[in-house]
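A.B. asks: need the 3D shape of this:
(chains A, B, C and D)
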Protein chains: 2
Amino acid sequence: MHEPTTGAAGEPSPEDPRKNRPAEPKPGTAAWWLARENEPARRRRRRSLTLDAVLDTAMALLDTRGVAALTMRNIAEGLGCTQASLYRHVRNREELVTLLIDRAISVASSAPPDDADWVGKAAWSARLFRDHLLRHPGVASVLRGTERLGPNSLAGVQYSLDLFIGAGLSPRLAYAAASSLATFVIGSVHFNLGLDASDPKESRHRRLLYRSRDPAAFPLIVQHADTLAEVSGDDEFEIGLNALLTGFRALIQSPGNTRDQDAERGEACSRS
Amino acid sequence: MHEPTTGAAGEPSPEDPRKNRPAEPKPGTAAWWLARENEPARRRRRRSLTLDAVLDTAMALLDTRGVAALTMRNIAEGLGCTQASLYRHVRNREELVTLLIDRAISVASSAPPDDADWVGKAAWSARLFRDHLLRHPGVASVLRGTERLGPNSLAGVQYSLDLFIGAGLSPRLAYAAASSLATFVIGSVHFNLGLDASDPKESRHRRLLYRSRDPAAFPLIVQHADTLAEVSGDDEFEIGLNALLTGFRALIQSPGNTRDQDAERGEACSRS
DNA sequence: ACCTGAACACCGTTCAAGT
DNA sequence: ACCTGAACACCGTTCAAGT
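C.D. replies: As a prediction, the model looks like this:
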């Protein structure tokens, strides 16, 4: 066989007529997680090299040397084995990254503030999650795209559902609210990723850039250059987080909180 | 010289003592955009091969064959030149991607709905942006990390500032609101990226996965499996968008809308 | 002044061959 | 049954040499 390495030419044969299994599912999808659980223990027969060991060194590599160093060769070197051995525990690099991501999300288990109301708890959890990602930029940089269906991700979903349903949202709205919140947290970390995190020079450069724009094309940017340049990633996050939670609270006070009535659509947007 | 290709070992020498210029700025930062404008026209002397041509074919490649095919070799092949020629117009691949991203964001120029209020206009723009990204998954998959300081990104900022300041927010809050909204839109697209976009099978697989979870660990997920599996990416987006805009409107009705009083912090979160 | 050929130092992945 | 050596088909980037 020896197929070409990267399928850049448009996925030639989605189904192999020889074999009967239907074109292995993409890592991270529900089908992939399910298939992985049903396949009993073909791999990882408590040998010297385990999947956990692979993920451990991969995680250490990601944390210490960044995403560019997360290489099959480097992982193998860290384990003292050859790169080919890794493929006995993992189908390919994407699968490894998918497993790594779910493993890196295990932070929601930290103690929630018990005396706060549900909005306070949600805000606290969101900040905790964000801080965790900011402390592990490698994880954040690899977090996109993949679904959140792994055990640790699901623990976060369970926690959020508990919180939002307890507050009075329908299961459907609670799930959407939890997803939106997670999306916002991860997105906000992504945007602060390339900036060397609160480099004092960056604010000055942004002020210079805003000031030197064409006033005809960007009047408000030029006019408020100094103010805009001072807004930090933390400020943005807090304001967006607050707005989201305010919106969720408003959702509860409108009809359709315990039943599912699709009351959330066209409620505040005045779609005309 | 012939330095190692990837600086995986921790950025050895941040400053070269020979030359006097201070360690070229990272593509996408304010310093980078500024430096790029001040360097007059050393490159691109209206030769046969122009930067625009490079970006055009890169864009076409990204759209038709995806991010995995966005390769210096493929771009060169599309242009009929050698890969080394590309480096006369672009410092490296990251710079090319940065320029490509800003170019791919030129969608805000589309007609805004004139009879809607500011919330309606913001929602409309957000949906427009999201649809644009969903139609160009390659762009979305490459969108992370880099700052939004290029001309097309700034046009979006200018538009949003106009909208939110006109609605009554302070410049500071207007900027943070615009950034939060953009973060949410991009993030929500990122999360729907790996799913083959509304594959009917995916919903079924998610239902199976939710149902088969351990009820002791994930009681709410098991209990509401069918409901959760039916929530689509569109639903999530609409609910989150609505919440954000509701939150922004609440910000206006609280004290500190025309002045900057930091009234947005600790307002609804009841941080204890 | 511009472009090229050819190389360098990497990648992910596969597979026959060893033990 | 497990692991390895060696290869394949790619990468981004550089640079002396051509014109």
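
A.B. asks: isn't residue A:182 up against residue A:133?
C.D. replies: No. Using CB atoms under 8 Å, residue A:182 makes no contact with residue A:133, being 10.9 Å away. The way it works is simple: take the backbone N, C-alpha and C, and place the C-beta from them, glycine included.

A.B. asks: from residue A:177, how far off is residue A:252?
C.D. replies: In this view, residue A:252 and residue A:177 are 10 Å apart by CB to CB, to the nearest Å.

A.B. asks: mutual contacts of the two, please.
C.D. replies: Counting by CB atoms under 8 Å, 6 or more residues apart in numbering or on different chains, the contacts common to residue A:252 and residue A:177 are residue A:169.

A.B. asks: look at the two and report which has more neighbours.
C.D. replies: Neighbours per residue (other CB atoms under 10 Å in any protein chain shown) separate residue A:252 from residue A:177, with residue A:177 holding more: 29 against 17.

A.B. asks: for the more buried one, give its distance to DNA strand D.
C.D. replies: According to CB to the nearest atom of the strand, to the nearest Å, residue A:177 and DNA strand D sit 39 Å apart.

A.B. asks: do residue A:240 as well
C.D. replies: 33 Å.

A.B. asks: next one: residue A:83
C.D. replies: Distance of residue A:83 to DNA strand D, given as CB to the nearest atom of the strand: 6 Å.

A.B. asks: how about the secondary structure of the residue most central in space within chain A?
C.D. replies: By CA atoms, centre = their mean, chain A has its centre lying nearest to residue A:143, at 4.4 Å. Using DSSP: H, G, I helix; E, B strand; the rest coil, the structure places residue A:143 in coil.

A.B. asks: quick check: it touching residue A:101?
C.D. replies: Yes. Between residue A:143 and residue A:101 there is a contact under CB under 8 Å: 6.0 Å.

A.B. asks: closest point of chain A to DNA strand C, which residue?
C.D. replies: Here the residue of chain A nearest DNA strand C is residue A:92; by CB to the nearest atom of the strand that distance is 3.0 Å.

A.B. asks: what's the burial count for residue A:55?
C.D. replies: Residue A:55, neighbours per other CB under 10 Å, totals 19.

A.B. asks: how about the strand or helix carrying it: buried residues?
C.D. replies: Using DSSP states H and E, residue A:55 maps to helix A:51-65. Using 16 or more other CB atoms under 10 Å in any protein chain shown as the test for burial, helix A:51-65 gives A:53, A:54, A:55, A:56, A:57, A:58, A:59, A:61, A:62, A:65.

A.B. asks: could I get these as TSV with distance to chain B?
C.D. replies: Below are the buried residues of helix A:51-65 laid out as TSV (distance: CB to the nearest CB, whole Å):
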residue	distance to chain B
A:53	22
A:54	19
A:55	20
A:56	20
A:57	15
A:58	15
A:59	17
A:61	10
A:62	12
A:65	6
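
A.B. asks: out of those, who's nearest residue A:138?
C.D. replies: For these, the residue nearest residue A:138 by CB to CB is residue A:62; the value is 3.9 Å.

A.B. asks: am I right that the closest one is in contact with residue A:140?
C.D. replies: No. Contact criterion CB under 8 Å: residue A:62 and residue A:140 do not qualify, at 10.3 Å.

A.B. asks: list the contacts for the nearest residue to residue A:136 once chain neighbours are set aside?
C.D. replies: Spatial nearest neighbour of residue A:136, excluding adjacent residues (CB to CB, 6 or more residues apart in numbering or on different chains): residue A:63 at 5.9 Å. Going by CB under 8 Å, 6+ apart, residue A:63 touches A:136, A:138, A:139.

A.B. asks: next: residue A:236.
C.D. replies: Applying CB under 8 Å, 6+ apart, we find residue A:236 in contact with A:188, B:176, B:179, B:180, B:183.

A.B. asks: switch to 10 Å and redo it
C.D. replies: Shown in contact with residue A:236 (CB atoms under 10 Å, 6 or more residues apart in numbering or on different chains): A:188, A:191, A:192, B:175, B:176, B:177, B:178, B:179, B:180, B:182, B:183.

A.B. asks: quick one: which of the residues you listed has the most company?
C.D. replies: When neighbours are counted as other CB under 10 Å, the busiest of the contacts of residue A:236 turns out to be residue B:177, with 29 neighbours.

A.B. asks: what strand or helix carries that residue?
C.D. replies: Per DSSP H and E: helix B:171-191 holds residue B:177.

A.B. asks: circling back: quick one: which two of the contacts of residue A:236 are the most distant?
C.D. replies: The most widely separated members of those are A:192 and B:177, with 17.0 Å between them, by CB to CB.

A.B. asks: now the helix or strand where residue A:100 lies: buried residues?
C.D. replies: Assigned by DSSP H and E, residue A:100 falls within helix A:93-104. Within helix A:93-104, the residues scored as buried using 16+ other CB under 10 Å are A:93, A:95, A:96, A:97, A:98, A:99, A:100, A:101, A:102, A:103, A:104.

A.B. asks: and it with chain B, contact?
C.D. replies: Yes. Helix A:93-104 is in contact with chain B by CB under 10 Å from any CB of the partner chain, via A:94, A:98.

A.B. asks: again with stretch A:173-186
C.D. replies: Yes. Stretch A:173-186 lies within reach of chain B by CB under 10 Å from any CB, at A:173-186.

A.B. asks: flag the shaky bits of the stretch 1-150 of chain A, pLDDT-wise.
C.D. replies: Residues of the stretch 1-150 of chain A meeting the criterion pLDDT under 70: A:1-23, A:40-47, A:107-111, A:144-147.

A.B. asks: rerun at 80
C.D. replies: Applying pLDDT under 80 to the stretch 1-150 of chain A flags the ranges A:1-23, A:38-48, A:106-113, A:144-147.

A.B. asks: counting neighbours, what do you get for residue A:206?
C.D. replies: As a burial measure, residue A:206 scores 23 neighbours (other CB under 10 Å).

A.B. asks: any idea how far it is from residue B:149?
C.D. replies: Distance, residue A:206 to residue B:149, using CB to CB: 7 Å.
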